[in-house]
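Enquirer: Give me a model of this one.
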Amino acid sequence: MTSPTPPQAPSPALGWLLAVPALLGTLISLVLPTAQTIWLSLQRGGVLRESTYVGFANYGKLLGDGEFWRAAWFTLSLVALPLLVAVVVAPLLAVALDRAGTWPRRAGRIALSLAIVTFSPVGVAAAWTRGLAPDAPGLAGLAEGLRDPATAPGTLRLIVAAGTFGVVCALAVMAFLPALRAGSLPQGFSGAPGISDAPGFSGTPGFSGAQGLAGPSRGGVAPAMLVVGVVVAIATVAVGLQTFSFGLVLTRGGPERSTETLAGLQYDSAFRMAEFGPGASVATLTGVILGVLGTAATAVATASRLSVTLTPRTAPEPGPAVPTAPAAGPTAAGPVAAAGREGGSVGMAVGIVALVVFLAVALVCAWPWIDGVLASPGSAADSLRSQVNTWVPAIGGAVVSVGVAYLAALGIGGLRPLGRGSEWLLLAFAPWLFVGTGPLGVANWQNMRNMGLIDSFAALFPPLLVSVPALLVLTLLCKGLAERTDKDFFGGVFLPSLPMAGILAGAVALVNAQDLLWPLLVAQKPTLFTAPVAQMAQLGSFSSAGPDVGAATPLLVVAVALVAVVAAQLLYLDRLAITTNGSRARTAAA
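Expert: Residues are numbered from 1 along each chain as shown. The predicted structure follows:
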């Protein structure tokens with residue numbers, strides 16, 4: 001009897017070929033604008049007068065008079081409370097939901113999804129501006145402190161923390177929950193080739209202390225949670241350093257520049273004062289910090305051999321561990337195989353209480369926005385034209401940037417052109433892992449002007465051709481799938497990873513649609529305003545009507561996005577497992 005022929009793996013050369021579009025996209029939309037930004041930072045001039053080379057004079061002035069340091073310190077201070085939520089509140093909530101069982105965990109995922117799809121930085125900030133009115137309702141009255149230079153910084157910190165509490169906690173919990181699946185693997189779920197498939201592996205005397213009898217708490221959960229926590233912390237700081245919408249909408253850097261952020265300083269220098277050199281200097285220094293953070297996060301993920309995989313859809317939900325009599329042999333792992341994620345009635349009660357507390361706090365923090373949405377008048381900001389301007393470029397840009405990233409992820413993570421160390425190729429993209437439109441905004445605006453695209457619909461499309469965060473996540477997923485499957489590349493890697501590419505495309509589309517900076521730079525005609533820009537214009541008008549707080553999150557869009565996100569959470573994301581150093585994922589219920 002002949003054994004079946006194993007599926008033939010595609011050539012590693014195909015992996016290099018699939019990575020080419022991402023390399024070209026990175027060169028065109030990231031590397032060259034970065035070099036252009038550095039070059040502009042060595043000049044003075046801009047739109048109104050001819051540029052002249054001045055060397056490092058812009059940096060000397062910027063660092064010497066303290067503008068950069070003041071803005072950098074205040075920007076970092078805005079991150080402090082969201083960082084606490086991301087690395088303390090979120091993992092505690094994730095553990096509580098994980099131990100509570102299937103339906104509380106899934107109920108938590110649905111509630112967290114609502115916080116994600118309804119988040120609009122401009123909308124939230126616009127809602128808080130209602131607190132500046134004499135008859136400010138409830139919690140929004142806190143915004144009154146923005147009028148005084150002495151109290152404005154602390155007030156803005158509290159508003160940013162409250163306005164972002166739900167989305168920061170939700171995104172962090174989504175990252176921690178898969179890490180809690182790391183740990184021991186019951187027999188029957190294939191592990192990395194050459195390890196769990198080795199004959200006699202599960203019965204080798206003395207080996208159980210590594211990942212077998214140690215159980216989930218020591219076999220893989222703690223390292224996975226630690227690595228994810230480090231990456232989440234770095235990402236929170238990196239995103240916070242690019243805070244723009246809250247500062248521009250609520251204070252515009254005032255009063256007396258007491259609330260100026262790095263992004264606001266760059267915007268004022270480059271576009272309000274029409275001096276590209278000083279603005280590019282701020283962008284360059286910010287980009288250096290983001291590059292270090294992106295490289296550090298990628299190095300941590302790669303050095304820890306972080307990978308993402310899917311647990312089987314048909315696996316039963318394990319119950320609480322029940323000690324059993326040892327089977328024949330010194331390494332029987334009956335308790336480990338029976339060990340589950342549920343902590344019985346106590347675990348369920350704790351999980352439900354934790355979820356209720358989160359919902360209560362999130363509701364209080366979001367109430368100024370909710371109240372603003374309910375009181376919002378209809379306006380041009382919510383017109384069909386502004387929605388088309390918002391969502392067509394946002395979705396188109398997401399499809400391109402994530403699609404290019406997905407091809408590279410299939411090549412690097414799935415086909416492994418450099419073998420076991422292929423994910424180190426991600427370091428070539430790592431400096432731009434957290435770079436948004438802001439640090440490259442001066443160079444990209446100049447390129448749009450040179451091409452004659454300013455004030456055109458085409459200019460509304462995001463200028464980034466590859467999503468580096470999507471590339472990282474998809475590469476780790478393709479890597480995990482390739483290590484844990486006995487199917488061919490198409491059935492074992494491509495098909496299981498395709499839903500994640502769609503999920504990430506949707507996430508990037510949401511981020512693109514809520515961006516204020518890029519469409520604000522390239523579109524001055526009201527007919528080209530996106531919903532966030534229209535909201536901003538509304539706030540700056542002399543109209544007595546209140547801001548249309550819900551314009552960037554219309555009910556139809558929220559409903560469609562919520563259905564898609566909930567389906568993704570329950571059918572796919574709840575099956576993800578994050579492992580490190582070759583640790584194996586346990587098979588919890590789908």
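Enquirer: What about Asp135, how many residues nearby?
Expert: 6 (other C-beta atoms under 10 Å). Heads up, the C-betas are built off the backbone N, CA and C, glycines and all.
Enquirer: quick one: it is in a helix?
Expert: No. Looking at Asp135 with DSSP: H, G, I helix; E, B strand; the rest coil, it is coil, so not inside a helix.
Enquirer: Read off the pLDDT value for it.
Expert: Listed pLDDT for Asp135 reads 71.
Enquirer: tell me the contacts of it?
Expert: By C-beta atoms under 8 Å, 6 or more residues apart in numbering, the contact list for Asp135 is empty.
Enquirer: With Val85 instead?
Expert: Ala161, Thr164, Phe165, Val168, Cys169, Ala172.
Enquirer: Among those residues, which pair sits farthest apart?
Expert: Greatest spatial distance in these: Ala161 and Ala172, 14.1 Å, computed using C-beta to C-beta.
Enquirer: These two: which has the busier surroundings?
Expert: Set Ala161 next to Ala172 and count neighbours by other C-beta under 10 Å: Ala172 wins out with 28 against 19.
Enquirer: And the more buried one, how far from Ala299?
Expert: Distance of Ala172 to Ala299, given as C-beta to C-beta, to the nearest Å: 21 Å.
Enquirer: Kindly report the same for Trp16.
Expert: Distance of Trp16 to Ala299, given as C-beta to C-beta: 22 Å.
Enquirer: just Ala143 next, same as before
Expert: From Ala143 to Ala299 the distance is 41 Å (C-beta to C-beta).
Enquirer: So between those two, which is more surrounded?
Expert: Per other C-beta under 10 Å, whichever of Ala143 and Ala299 has more neighbours is Ala143, with 25 against 14.
Enquirer: who's in contact with the more buried one?
Expert: Neighbours of Ala143 in contact, by C-beta under 8 Å, 6+ apart: Trp128, Thr129, Arg130, Gly131, Leu132, Ala136, Thr155, Ile159, Leu250.
Enquirer: Give me the distance between Leu472 and Ser307.
Expert: Taken as C-beta to C-beta, the span from Leu472 to Ser307 is 12 Å.
Enquirer: When those two are compared, which one has more neighbours?
Expert: Taking other C-beta under 10 Å, Leu472 and Ser307 do not tie; Ser307 has more neighbours (29 against 25).
Enquirer: From what I see, that one and Asn581 are in contact.
Expert: No. Counting by C-beta atoms under 8 Å, Ser307 sits too far from Asn581 to count as a contact (9.6 Å).
Enquirer: Tell me which helix or strand comes right after the helix or strand containing Gly372.
Expert: Using DSSP states H and E, Gly372 maps to helix 344-375. Per DSSP H and E, the first helix or strand lying C-terminal to helix 344-375 is helix 384-409.
Enquirer: got the CA coordinates for stretch 96-114 in CSV?
Expert: Extracted C-alpha coordinates of stretch 96-114, given in CSV (Å, rounded to 0.1, in the frame of the first residue of the first chain):
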residue,chain,number,x,y,z
ALA,A,96,-12.2,38.1,32.7
LEU,A,97,-14.1,37.6,29.4
ASP,A,98,-11.8,34.7,28.5
ARG,A,99,-12.5,32.9,31.8
ALA,A,100,-16.2,33.6,31.7
GLY,A,101,-17.0,31.2,28.9
THR,A,102,-18.3,31.3,25.4
TRP,A,103,-21.4,33.5,25.5
PRO,A,104,-20.0,36.2,27.9
ARG,A,105,-16.9,36.4,25.8
ARG,A,106,-18.9,36.8,22.6
ALA,A,107,-21.2,39.3,24.2
GLY,A,108,-18.1,41.3,25.1
ARG,A,109,-16.8,41.1,21.6
ILE,A,110,-20.1,42.5,20.3
ALA,A,111,-20.1,45.4,22.8
LEU,A,112,-16.5,46.2,22.0
SER,A,113,-17.3,46.2,18.3
LEU,A,114,-19.8,48.9,18.8
